[in-house]
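# Sharing a model that was predicted from the sequence below.
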Amino acid sequence: MANSQSPRTAVITGASSGIGRATAELFAENGWRLVLAARDAEALEALATDLRARGAAIAVVPTDIGDNAAVLALAEAAQAFGGTIDLWFANVGVGAVGRFEEVPIEAHEQVLRTNLLGHLYEAHAVLPIFQRQGRGVFVNMISMVGFAAAPLAAAYSASKFGLKGLSEALRAEQAAHPHIHICDVYPALVDTPALDHPANYTGKAIHPPLPLVDPRRVAAAVVRLADHPRATTIVGAQTWPARIGHALAPTLSLKIIDRWFEGYFAQARPAAVTSGNLFQPPGDRPRINGGFRKPVTRRLPLLLAGGTLLALGGAALLRRASRTEPS
């Protein structure tokens, strides 16, 4: 990854914790200059201090990506700092859990403003810079939810489906620029501190289902895209059954997930309703891991994926056969 010429510059939004923090550390190890953005200025400065101590060149630009003017200012600051912007990692994401009609409309709006409009603002700010340079990599963090919607997360699902459409449109438009790349990353559920901070309107405690992906695996995938860009990168075995199962039997797969949620929340302990980190940073100690992972065998995710695919595929075939049987 090291460059024999001048160091390259990456912009990372949502850099203060989780995947963003892991990606910043890995890029810094490989000699990149970094522009770090998030809402929490104190957390960004703490990360920047640590990375500078390792010899990295770091600029900190506290930014709310739901504010287009702030994103434009981020792009200007990044270009002034690095001279060029070689890679932009649009990584910010928030969520709200609850039945659609029970989640306040302000919460739905904030999820869409951050996850969809924010990434759109980022692309809109950096693509003209890429075009003037004649090159650049835009990495769009999506989710396995971009392939199959998640019940109890309507706005989050809408934002991720929207990001997929945004990237596809941008790739078509940038086809005349062979050195400008729009890259999507679809991780399964990742063990980050964000799992501690979703807006929760269910009135029940939320614990993420296992297994979870290590944030550093996602960071490594993002860093590889700098030199080996590709349209779609999937991280985590669980993403494949979500993608294929939804394609084979979309209604059935969503019913299964919804029933699982119903069973889970029927037994979950009560918890306070909270807006989480929707409208302000969480305020806890920034870190990479959420601490939810438990040791699992390497085969377990693959077994789960294979079993789900077989079940969904079989159901789809049975349904198709029932439609073709003579009455």
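Cool, the structure landed.
# what about stretch 132-150, how long is it end to end?
39 Å (C-alpha to C-alpha, to the nearest Å).
# gap between that stretch and the chain center?
Mean-position distance between stretch 132-150 and its chain equals 8 Å (C-alpha atoms, centre = their mean, to the nearest Å).
# Over to stretch 128-147?
Distance, centroid of stretch 128-147 to centroid of chain: 13 Å (C-alpha atoms, centre = their mean).
# quick one: buried residues of it?
Buried residues in stretch 128-147, counted by 16 or more other C-beta atoms under 10 Å: 129-130, 133, 136-147. Where C-beta positions appear, they are placed from N, C-alpha and C, glycine not excepted.
# again, but for stretch 259-278
Those would be Phe261, Phe265, Ser275, Gly276, Asn277, Leu278, for stretch 259-278 by 16+ other C-beta under 10 Å.
# so which of those comes closest to Arg33?
Asn277 (28.0 Å; C-beta to C-beta).
# Inside helices: which ones of the buried residues of stretch 128-147?
Assignment to helices by DSSP state H places the following of those there: Ile129, Phe130, Gln133.
# Would you map the helices across the stretch 1-150 of the chain?
Secondary structure of the stretch 1-150 of the chain (DSSP state H, counting those that start in this stretch): helices located at 18-29, 41-53, 68-82, 105-112, 118-133.
# circling back: could you single out the nearest of the buried residues of stretch 259-278 to Asp284?
Asn277 (9.6 Å).
# so where's the stretch 201-327 of the chain shaky on pLDDT?
Flagging of the stretch 201-327 of the chain using pLDDT under 70 yields the residue ranges 260-261, 295-327.
# Quick one: the helices in it, in order.
Counting by DSSP H, counting those that start in this stretch, the helices of the stretch 201-327 of the chain are 215-225, 239-248, 250-267, 299-324.
# just checking, what packs against the shortest one?
Here helix 239-248 touches strand 180-187, helix 250-267, helix 299-324, going by 3 or more C-beta pairs under 8 Å, 6 or more residues apart in numbering; DSSP states H and E.
# quick one on the thing from earlier: closest one to His177 out of the ones in helices among the buried residues of stretch 128-147, please.
Phe130 (7.4 Å).
# Gly95: neighbour count?
Per other C-beta atoms under 10 Å, the neighbour tally for Gly95 reads 27.
# Mind pulling the model confidence for it?
You'll see Gly95 listed with a pLDDT of 96.
# In strands, which of the buried residues of stretch 128-147 fall?
Gly136, Val137, Phe138, Val139, Asn140, Met141 (DSSP state E).
# What separation is there between the third one and Ala220?
Distance from Phe138 to Ala220, counting by C-beta to C-beta, to the nearest Å: 18 Å.
# again, but for the last one
From Met141 over to Ala220 the distance is 14 Å, taken as C-beta to C-beta.
# circling back to that earlier point, and among the helices of the stretch 1-150 of the chain, the most buried is which?
Comparing the helices of the stretch 1-150 of the chain by mean neighbour count (mean count of other C-beta atoms under 10 Å), helix 18-29 comes out on top with a mean of 25.
# ok, so of the ones in helices among the buried residues of stretch 128-147, who is nearest Asp214?
So of these, ranked by how close each gets to Asp214 (C-beta to C-beta), first place is Phe130, at 30.3 Å.
# contacting residues around the closest residue to that closest one other than its chain neighbours?
Spatial nearest neighbour of Phe130, excluding adjacent residues (C-beta to C-beta, 6 or more residues apart in numbering): Gly136 at 3.2 Å. Neighbouring residues of Gly136 by C-beta atoms under 8 Å, 6 or more residues apart in numbering: Ile85, Asp86, Leu87, Trp88, Val126, Leu127, Ile129, Phe130, His179, Ile180, His181.
# and these as a markdown table, adding distance to Ala154 and pLDDT?
Listed next are those as a markdown table, based on distance: C-beta to C-beta, whole Å; pLDDT from 0 to 100:
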| residue | distance to Ala154 | pLDDT |
| --- | --- | --- |
| Ile85 | 34 | 98 |
| Asp86 | 36 | 98 |
| Leu87 | 32 | 98 |
| Trp88 | 28 | 99 |
| Val126 | 29 | 98 |
| Leu127 | 29 | 98 |
| Ile129 | 34 | 98 |
| Phe130 | 33 | 98 |
| His179 | 38 | 98 |
| Ile180 | 33 | 98 |
| His181 | 31 | 98 |
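# If we only consider the residues you listed, which is nearest to Pro215?
Leu87 (18.0 Å).
# That closest one contacts Ala24, correct?
No. If you go by C-beta atoms under 8 Å, Leu87 and Ala24 don't touch, sitting 11.9 Å apart.
# quick revisit: can you list the helices of the stretch 1-150 of the chain in a markdown table and add distance to Ala169?
Output for those, formatted as a markdown table (distance: least, C-beta to C-beta, whole Å):
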| stretch | distance to Ala169 |
| --- | --- |
| helix 18-29 | 24 |
| helix 41-53 | 31 |
| helix 68-82 | 18 |
| helix 105-112 | 17 |
| helix 118-133 | 10 |
